[in-house]
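K.L.:
For reference, the sequence and a predicted model appear below.
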Amino acid sequence: MDDDYMASFTPLFLTESLEMAMEVENENSKPSCFSCVFDNQNGGRSFSSESYLASGSLKRLLLRLDPSPNDYEEDTVEMFGFQWVTEMALVESCRLLFGLLRQRIHGLENLVQMSSSDFSQAANLHSEAESIRHQCIEFLHYVKVFIFRYLEPPRAENDGMLHPYEELEAQVPSLLVEELHALTLQIGHLFELSSSVLAAFTIQHQAKLFPPSWHLLHLHLDIHWLVLEILHVLGEKMMRQVVYANHFMNLTGENLTSISLFETHCGNLICDLISISINKYIKVRPSEALTSHHYPCTCIKELWILLIQLLDHRNKGSHTESFWSSVNKNLKNIFERPSSSDRMSVFETNQCKDPLSFSWWIITHLASLYQFDRNGNLDEKKQKESNWKFVEELLKKSIDAQTGVLEEQLRMHLQCCLTLCSFWDLNLSVATILWDYYSKNLNSSFTVPWLGLKGLANVSKTPLSMLELVKSCCCDQQIPALYKSSNSYLIFLSILARMMKEEAENSGVHPWKQIKGRIYSKFHRRRMQELTEVGLQNFFNLFLMLAIVAEREDIVSRVLDLLDFLTPSSVTVCQRALIWRGQFAFLLIYVEKNMDISVLAEKLSNAFREKAKEFLVNKNDYTQKQNLWTLLSTYIDGVQEVFETSCNLNLSQEKLLNDGFTMLLPACRGAELSMVLNFLQVVLARLRSVHKRVSQGLQLGNTAANAQLPLVAKEHHLAVASALWRNFFPYLKSQRMAQMPPSPQLADTAAGFTLLALDMPSKALSDLQPQPVLSMMQLFGWDDMVWPQLVSRYLSHLIQNSALYEAFSSMGYTSYEALTVRSWFRCILQMFIDQPTGMLAKTDAERTVGKVYMEQLIEMTRLVFKLKEVENVLSKANVEESVFKQDPKNALVQFIKAVGRTYGGLQTLPEKSAMVAKTLEYLGDVLKYVKPYLKVKGPPEGLQLTYWIIGLVLYMLSVPNSGALSESTAWEHYSTVFWTISPLFTNCARSWSASHGAGLMQFRYGLPDAPSTKDHSECHK
């Protein structure tokens, strides 16, 4: 317990120091170095186990621990092939040792020049180069260890005489600064290396043998970093006192200190690394900026991380220049010619054609390296130093008209900015700078020509697509993919949305209150009237995003006030349609947040009513009607999406279904009517589905807290149902006996209303009461005057509905199945009623209609044969199931024969009388059915079918042992029909026979099975 208590107060650096001390036994004595060679035992690390990060070298440096605790413990140490006294080597032979180091470097450079493409020498060259590099690295590590262990810190000056060794030892710091300075001059800049050496960056890391150029390049990286390490250790050992290079200053008169050398070398190194990145950036496309790294190999990546850790560590301890400060200084030199000739040579050698984009790119990638800790492991929770001030300067340049930044560049810049927002604490100044730019350019489409269609401005076609687009700006996205999927304005919205959300979460004060004045102030009457269609789209995108992340009702209210500035004369039809889509998008937000929509819904529905009235008045003016339909279809799409996305339909959705539809429907034609009926079906289905779910919730019971919601929802459901019956059904009812066959959608919609009457009977119209379901079936399913196409499709939706069957059973209405069979019988008998009566060939359209209706009849036949009464008749007559797969005419024949056989099997007179009554109920008024054929004396197919079916009925009525039937009125009725149609059919048959043969005359003298569809076509040919 006490141990835990004390551990909680242990300083972090002390804890880490203890951990490092405990790991001493496991330390690898091999000196750390840059290595991009990975083996299979790397354990998933980002860097090689030999690296300065993974080996713990950096961590020891920052914690002021012994650089190599297991090494240099013997009295002597071997360096460059010679033995040296471990504790005295640098004191006695500092210049000699550094001279040997320079000699080895020169030897490796000669080895690079001597190397050839002779593969037989590859192993020897690799071994020799690796040995030289190892000697150089080992010496520099020894320098670190010597300073840490054996170099005495500065003493207070005294008048006593010093021992000669002590005098030499006191000069070591100064000598080290001079020698390190000489070493940096010898190796020079990285960019000064020959192209053959720099090409070693591209060598595959999986290689086993490396050329001398690879070893020389990585030795340069090691030296650059180890010079900084040595200077840092020296500064710590000297208690951060300045070490002067006295001998150098006396010779040259120039000032050289340990601090100035560290800063100069560090600046030069960052400059070199930026130069390498420029070479990499030249090949990077703007669309690939975030996925293309700025380092040619992982060693450069590690070097960047080392610099970040070291410079920021020094900055916190002694207020020296931070990492970002040093980087910013070098990046500014790309924009402005520096006074230093040394720096100028770097950027003149590698000129950057687009320094602004490069700066964005390099800063974004460097910011991501802050995620690595001192051990080279990813730590996303690690605190990251921001660089917002410099980024703000970049942002101002990006949107400056004088800079001439193109959209393709601006997208990349804002992608980088959005990425930085995910790394750093958010900064509202960025959003303010960007808003000042975009508020002036709302009418711009922000397209990239070479992207083709993907780069065009997309004006959303539906409210839902508009809202989904904005939602994508408010959620975490794959930022690299935004370049092609979003324009720069949408990326700006993503930046703004991120700031709105995260600032509110972190500080508790919503940033909307800080920025809304700036946004609102940009919109006034003149500005609103200046907006084009694209401008309005951008306007809605902005405020939809804000409504999602900020004060919803306040924003919607302001939007409606701003839209009132737009007079009808100042707005085109397309703009008005876009305004409606935008308002519906706000409705969808309300629905998603479970907020009442009545105010906004009434505003929209009133505008719809006015346009529907104009549509009816101008129904003969094609141009005006087309313009109005653009608006009306927008409204219909919007209402449909509101219903589809509503969970409980308890938010006043009924206000969207006003009497404008009673004016719209009579004026609709073709595709217009089809769209309205499709919409109506969706609303009916959605209402029934939601009502069923809510009703089940009420039946199951709810807790007191949740009980109110279903009750309120049910009231709204009844209001929606009432609006549907009142504003849509009268038109539907009027179309059931239209002069032309109605569209299939009319039947589908009528079936929907029937099921609605079943679920909510109280809201059906008064003329359908008291049994609205029965009234609907009589209107659309059993009425002999309704088009058979409508009846067959209508009944196909309802025949197998168990709830409907139970409803009729509960009413005690026993004729439900018989009347359905009668309608089926009529539909088959009248299947040719809409065909032309002449002998002309059918058009493609007529063939299509015939095929569709035939498929409809096949489906209806399948369902009718599943009715209990029909199944009973078929089973008694032993009819096989194969009839289900036959065409409707043959199915009807089988059914009539089955009725006859069933009747023939009856024994008692009451049974036979009941069967007669049922049969008459099945068949209905046949003369009425065939009257359309008789009236126009055609078409031939209709007459043939009637002659054949009625003949079959008469035949079945006259079978032996059917005395009761033959004496009935049925015989007289059907024989009258038969002999009425017989002359007509005979005349048709003669005319067919004269021109096409006497193939069909057999029907005059016998009653074979019904001809198939194929036989019909063959005969008519």
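P.N.:
Cool, the structure landed.
K.L.:
From here on, just use CA atoms for contacts and neighbour counts.
P.N.:
Fine.
K.L.:
would you list every one of the strands in the chain?
P.N.:
Per DSSP state E, the chain carries strands over the ranges 76-79, 82-85.
K.L.:
For L779, find the nearest of those strands.
P.N.:
For L779, the closest of the strands of the chain is strand 76-79, at 107.8 Å, according to CA to CA.
K.L.:
what about the helices in the stretch 701-850 of the chain?
P.N.:
704-727, 729-734, 744-759, 772-780, 788-798, 802-811, 816-829, 844-864 (DSSP state H, counting those that start in this stretch).
K.L.:
for the stretch 401-550 of the chain, same thing?
P.N.:
Along the stretch 401-550 of the chain, counting by DSSP H, counting those that start in this stretch, helices occupy 407-423, 428-438, 463-474, 482-485, 488-507, 512-520, 525-530, 533-549.
K.L.:
so which of those helices gets nearest F780?
P.N.:
When the helices of the stretch 401-550 of the chain are compared (using CA to CA), the closest one is helix 463-474, at 35.4 Å.
K.L.:
what's the angle from that closest one to helix 488-507?
P.N.:
Helix 463-474 runs at 60 degrees relative to helix 488-507, counting by axes from the mean of the first three to the mean of the last three CA atoms, to 10 degrees.
K.L.:
gap between helix 463-474 and the chain center?
P.N.:
10 Å (CA atoms, centre = their mean, to the nearest Å).
K.L.:
Could you list every helix and strand in contact with that helix?
P.N.:
The elements that helix 463-474 packs onto, with contact taken as 3 or more CA pairs under 8 Å, 6 or more residues apart in numbering; DSSP states H and E, are helix 488-507, helix 533-549, helix 573-592, helix 622-645.
K.L.:
so how far is P772 from S766?
P.N.:
To P772, S766 is 9 Å away according to CA to CA, to the nearest Å.
K.L.:
Mind putting the helices and strands packed on helix 463-474 into CSV with mean pLDDT and mean neighbour count?
P.N.:
Listed next are these as CSV, based on pLDDT from 0 to 100; neighbours: other CA atoms under 10 Å:
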stretch, mean pLDDT, mean neighbour count
helix 488-507, 84, 21
helix 533-549, 96, 22
helix 573-592, 96, 22
helix 622-645, 95, 19
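K.L.:
rewinding a little: which of the helices of the stretch 701-850 of the chain sits closest to K625?
P.N.:
Nearest of these (CA to CA): helix 729-734, 19.8 Å.
K.L.:
Which strands and helices lie in contact with that closest one?
P.N.:
On a contact count with 3+ CA pairs under 8 Å, 6+ apart, helix 729-734 meets helix 744-759.
K.L.:
Residues in contact with the helix it packs on: which ones?
P.N.:
For helix 744-759, the external contacting residues (CA atoms under 8 Å, 6 or more residues apart in numbering) are 674, 677-678, 680-681, 684-685, 688, 721, 729, 732, 763-764, 772-773, 776-777, 780, 789-791, 793-795, 797-798, 804, 807.
K.L.:
Could you turn the buried ones of those into a ChimeraX selection?
P.N.:
Burial among the contacts of helix 744-759 is assessed by 16 or more other CA atoms under 10 Å; the matching ChimeraX selection reads:
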select :674,677,678,680,681,684,685,688,721,729,732,763,764,772,773,776,777,780,789,790,791,793,794,795,797,798,804
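K.L.:
Could you tell me how far the lengthiest helix in the chain lies from the centre of the chain?
P.N.:
Ranked by residue count under DSSP state H, the longest helix found in the chain is helix 671-700. With CA atoms, centre = their mean as the basis, helix 671-700 stands 28 Å off its chain's centre.
K.L.:
mean confidence for that helix?
P.N.:
Regarding helix 671-700, the rounded mean pLDDT is 90.
K.L.:
Show me what it is packed up against.
P.N.:
So helix 671-700, by 3+ CA pairs under 8 Å, 6+ apart, packs with helix 622-645, helix 704-727, helix 744-759.
K.L.:
between the shortest one and helix 671-700, how many degrees?
P.N.:
Helix 744-759 and helix 671-700 meet at an angle of 20 degrees, taking the same axes, to 10 degrees as the criterion.
K.L.:
how about helix 744-759: buried residues?
P.N.:
For helix 744-759, burial by neighbour count (16+ other CA under 10 Å) applies to 744-759.
K.L.:
sorry, back to before: could I get the helices and strands packed on helix 463-474 as a markdown table with distance to P173?
P.N.:
Output for the helices and strands packed on helix 463-474, formatted as a markdown table (distance: least, CA to CA, whole Å):
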| stretch | distance to P173 |
| --- | --- |
| helix 488-507 | 49 |
| helix 533-549 | 60 |
| helix 573-592 | 70 |
| helix 622-645 | 76 |
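K.L.:
nearest to L97, of those?
P.N.:
Ranking the helices and strands packed on helix 463-474 by proximity to L97 (CA to CA) places helix 488-507 first, at 56.1 Å.
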